[in-house]
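Student: curious how this folds, go ahead:
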Amino acid sequence: ELYWPVTGYEWAIPVDQADAQVELPLLVNILAQKGYAGPEMSRGDALAMGIDEQGIPWFRTTRRLYPGDGLAVAIRWPKGFVAEPWVVTKAWYTLRDNLGLIMALLGVLLLAVGQCRSWSRLRSAARLPRCSAKPPTPPGFASPAGLRAALGLPLDAKCLAATMLSLALSGVIRLSRDSGYLLISRTETSLKTLGRTGRTICKAMFETAGPDVAWELPAVSRTGIRSLNLAFQAMRRAAGAETLWKRSWFLFKRMFPSLALSLIILCGLAFSAERFGLAVFLLSWLVASHFLVLGFFLALARPKHSAPERRTSLLILTMLPFAAFELLMLLFFSHTVSLAAALILAATLLLNTAYFMVLRGNAFIKGVNGAQLAKFKARLEAGTPEAGETETTDADTPSSPSLSPFPGAPSLPYALVLNMEEQWDRFFKLSG
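Tutor: A predicted model of the protein is given here:
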């Protein structure tokens with residue numbers, strides 16, 4: 001069978017008349033002869049056709065072809081007159097004609113396999129290791145407040161106390177008791193030994209009262225109360241910034257390979273289309289509308305206490321038109337390019353969206369410091385360390401002067417923010 005688009009369908013000027021003849025080998029019996037005149041994919045029959053005295057099929061339009069119209073012919077004859085191409089040749093023709101689509105399909109398969117393997121590694125990061133003698137400080141966070149914010153726990157007064165205890169263990173501030181009162185004072189240790197959260201809190205605490213002023217708790221003056229409030233607000237800001245930075249960097253590192261591969265998939269889909277410019281335009285609008293819908297969905301997924309009911313309804317009403325627009329654009333893309341290309345595009349968008357949503361959850365903790373955090377919690381919950389095992393961590397050997405009476409003290413602030421102070425106390429009582 002021969003299908004021949006004689007004129008094509010992209011002429012910008014009208015065609016008064018179009019003629020076509022198909023010369024076949026001699027003694028060929030024509031089984032079927034059809035012609036189509038009009039817009040693409042139509043069954044227009046505004047043409048005349050027949051076979052002349054020499055057995056040559058002919059076609060002629062009977063009306064003017066306007067811009068967007070075209071002439072296409074189809075002829076069918078018995079096998080044996082034209083050599084059938086080999087299987088390898090057919091495969092090569094298929095690969096050559098659909099190279100962009102095949103490249104996009106392979107990209108989707110690689111994307112799915114890569115994201116599954118990445119998620120599998122994230123899940124295995126939180127496997128519980130053997131317990132050793134000393135619980136390490138969970139790495140990856142410069143302060144206990146940053147760890148608590150990453151876990152989604154509230155930054156309350158207990159968190160501030162844990163942060164101040166961590167600063168005291170670093171030798172930056174001094175905590176002491178005098179006649180039942182807790183004294184907080186600044187030492188001469190440089191703030192350069194601290195992380196960003198610790199430096200921010202110290203500056204907020206002592207910039208009002210000065211570095212040489214000590215507070216007596218619970219009887220605190222107005223200046224002390226103001227300084228503590230400033231320290232609390234600074235802790236919340238610094239912990240939020242630390243968590244946001246680490247979460248953003250973690251998401252970027254994990255999503256970058258997927259986004260790069262998705263860009264290759266989109267290029268393959270664009271090159272597989274007959275109208276490259278139109279395909280690029282549709283792909284751009286589809287990706288942009290998908291990001292808008294995802295942004296509205298993330299806003300709706302926030303906790304209810306942070307989004308009033310009226311705001312939630314407004315977000316839903318705003319999101320629905322964009323979602324409908326994305327669906328209509330996808331249907332138009334399937335009609336303009338191909339259904340297979342639309343399915344590949346939908347699979348790419350859904351895979352990236354699902355992977356992003358998974359990474360936003362507990363995968364952040366599992367990916368950043370999952371094994372160390374699980375080890376820390378497991379050792380405290382076990383209660384009894386295994387004999388003969390020791391471990392040295394950075395927290396056990398601080399660079400600044402430490403007020404730690406024993407090696408396990410640097411882990412106490414992190415046990416406080418994890419609400420595991422009782423397990424910590426029981427652990428070190430049992431370990432002597």
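Student: wait, what's in contact with Ser258?
Tutor: 111, 114-115, 351-352, 355 (C-beta atoms under 8 Å, 6 or more residues apart in numbering). C-beta coordinates here come from the backbone N, C-alpha and C atoms, glycine included.
Student: among these, which lie within helices?
Tutor: 111, 114-115, 351-352, 355 (DSSP state H).
Student: so which of those residues comes closest to Pro154?
Tutor: Tyr355 (28.8 Å; C-beta to C-beta).
Student: what about the residue nearest to that closest one when sequence neighbours are not counted, how many residues nearby?
Tutor: Counting by C-beta to C-beta, 6 or more residues apart in numbering, Tyr355 lies nearest to Gln115, which is 4.6 Å off, once chain neighbours are set aside. By other C-beta atoms under 10 Å, 22 other residues sit near Gln115.
Student: where does the prediction get shaky in the stretch 101-250 of the chain?
Tutor: Applying pLDDT under 70 to the stretch 101-250 of the chain flags residues 124-142, 178-182, 207-228.
Student: gap between Ser258 and Arg117?
Tutor: Distance, Ser258 to Arg117, by C-beta to C-beta, to the nearest Å: 12 Å.
Student: adding distance to Phe59, write the contacts of Ser258 out as TSV.
Tutor: Shown next, in TSV, are the contacts of Ser258 (distance: C-beta to C-beta, whole Å):
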residue	distance to Phe59
Leu111	46
Gly114	51
Gln115	52
Leu351	47
Asn352	48
Tyr355	53
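Student: for PyMOL, write a command that selects the buried ones of those.
Tutor: This is how PyMOL selects the buried members of these, with burial counted by 16 or more other C-beta atoms under 10 Å:
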select buried, resi 111+115+351+352+355
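Student: tell me where this structure has strands.
Tutor: Listed in chain order, the strands of the chain (DSSP state E) span 2-5, 19-21, 32-39, 47-51, 57-61, 69-76, 173-178, 181-186, 215-217.
Student: find the nearest non-adjacent residue to the spatially most central residue of the chain, please.
Tutor: Central residue of the chain (C-alpha atoms, centre = their mean): Phe356, 3.0 Å from the mean position. Nearest residue to Phe356, sequence neighbours excluded (C-beta to C-beta, 6+ apart): Met255, at 6.4 Å.
Student: ok, the one you found - contacts?
Tutor: Counting by C-beta under 8 Å, 6+ apart, Met255 makes contact with 352, 355-356, 359.
Student: for Lys158, same thing?
Tutor: Contact analysis of Lys158 by C-beta under 8 Å, 6+ apart lists 416-417.
Student: any idea how far it lies from Arg63?
Tutor: For Lys158, the distance to Arg63 equals 85 Å [C-beta to C-beta].
Student: show me what contacts the residue located most distally from the centre of the chain?
Tutor: For the chain, the residue at maximal distance from the C-alpha centroid (C-alpha atoms, centre = their mean) is Glu53, at 67.8 Å. Contacts here follow C-beta under 8 Å, 6+ apart; on that basis Glu53 touches nothing.
Student: go on, Val28?
Tutor: Contacts for Val28 (C-beta under 8 Å, 6+ apart) come out as 55, 77-78, 81.
Student: so which of the residues you listed is the most crowded?
Tutor: Of all the contacts of Val28, the highest neighbour tally under other C-beta under 10 Å goes to Trp77, namely 18 neighbours.
Student: ok, and the closest non-adjacent residue to Ala112?
Tutor: Leu351 (5.8 Å).
Student: with Trp424 instead?
Tutor: Nearest non-adjacent residue to Trp424, counting by C-beta to C-beta, 6+ apart: Ala415, 3.8 Å away.
Student: can you check Leu153 too?
Tutor: Leu153 sits nearest to Val417 (C-beta to C-beta, 6+ apart), 7.1 Å away.
Student: rewinding a little: quickly note the distance from the residue nearest to Trp424 to Leu194.
Tutor: On the measure of C-beta to C-beta, Ala415 and Leu194 end up 20 Å apart.
Student: got it, and Phe59?
Tutor: To Leu194, Phe59 is 85 Å away according to C-beta to C-beta.
Student: ok, Leu160 - contacts?
Tutor: Leu160 is in contact with 145, 228, 231-232, 235, counting by C-beta under 8 Å, 6+ apart.
Student: let's see that with 6 Å instead.
Tutor: If you count contacts by C-beta atoms under 6 Å, 6 or more residues apart in numbering, Leu160 has them with 232, 235.
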